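Asks: Kindly return the folded structure for what I paste below:
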Amino acid sequence: MMQATDATAIRTPSTDSAPLEGFVGSHVGILKQLRALDELPALMEPAARARRIAADSLALFREGILEHHLDEERELFVAALASAQPGAEKARVQVMVERLTREHRIIEGVWKFLEKDLKRVTKGQDAELDVHEVHALVTAYTSHAAFEESEFLPLCQVILGRNGNHMAALGLSLHMRHTPPIVGHI
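Replies: Residues are numbered from 1 along each chain as shown. So this is what the prediction gives:
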């Protein structure tokens, strides 16, 4: 049997751990990023909802509110002024029409300010949507609609309701504004 000498002794592992230092702690960053990834599905629904709200708001203004303002200004306001009794009633309608028209321009101005950023939101792009302007738009329109519903439209009902022909003319005028033109061939 041979005895081990110092030169041939079984060596114990080196205490030099330099090769392992690259591995020690490397999982900290990986695990941190994986925890963030785990949050991603929960964040996607609010982001998708933000894109939908922005897209729906763009469509509402383009196809609803702006068209609604034109209907009011070109048809309803004109009909109410034409049918109002001269004197105090006509003056009251005129003041209301001026107020509502002024509010339309204010609402449309705030909208123009927000529209560019809302378009970016619909595409999932970074946007600096001004929370104060969004609130100003919602507040202005809420106030506008409340006045119109509680004051102006009931007055229009009285004024246009006095003569069925006036109400019918308004209905026909609105219908014609929204009917696509007929293209015919002769």
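
Asks: Show me where the protein dips below the pLDDT cut-off.
Replies: For the chain, the stretches flagged by pLDDT under 70 are 1-18, 167, 171, 174-175, 177-178, 185-186.

Asks: how does it look with 80?
Replies: For the chain, the stretches flagged by pLDDT under 80 are 1-26, 164-186.

Asks: Touching, residue 151 and residue 97? I think so.
Replies: No - between residue 151 and residue 97 there is no contact under C-beta atoms under 8 Å: 11.7 Å. C-beta here means a position set from N, CA and C on the backbone, and glycine is covered the same way.

Asks: Looking at those two, which one has more neighbours?
Replies: residue 97 (19 against 14; other C-beta atoms under 10 Å).

Asks: Nearest residue to that one in space, please, no chain neighbours.
Replies: Spatial nearest neighbour of residue 97, excluding adjacent residues (C-beta to C-beta, 6 or more residues apart in numbering): residue 77 at 4.6 Å.

Asks: Is that neighbour within a helix or a strand, and which one?
Replies: Residue 77 belongs to helix 77-83 when assigned by DSSP states H and E.

Asks: So what touches that helix?
Replies: 90, 93-94, 97, 100-101, 155-156, 159-160, 162-163, 166, 169-170, 173 (C-beta atoms under 8 Å, 6 or more residues apart in numbering).

Asks: Which elements pack onto the helix or strand just after it?
Replies: Heading C-terminal from helix 77-83, the first helix or strand you meet, by DSSP H and E, is helix 88-122. If contacts are counted by 3 or more C-beta pairs under 8 Å, 6 or more residues apart in numbering; DSSP states H and E, helix 88-122 sits against helix 26-59, helix 66-71, helix 77-83, helix 131-147, helix 153-161.
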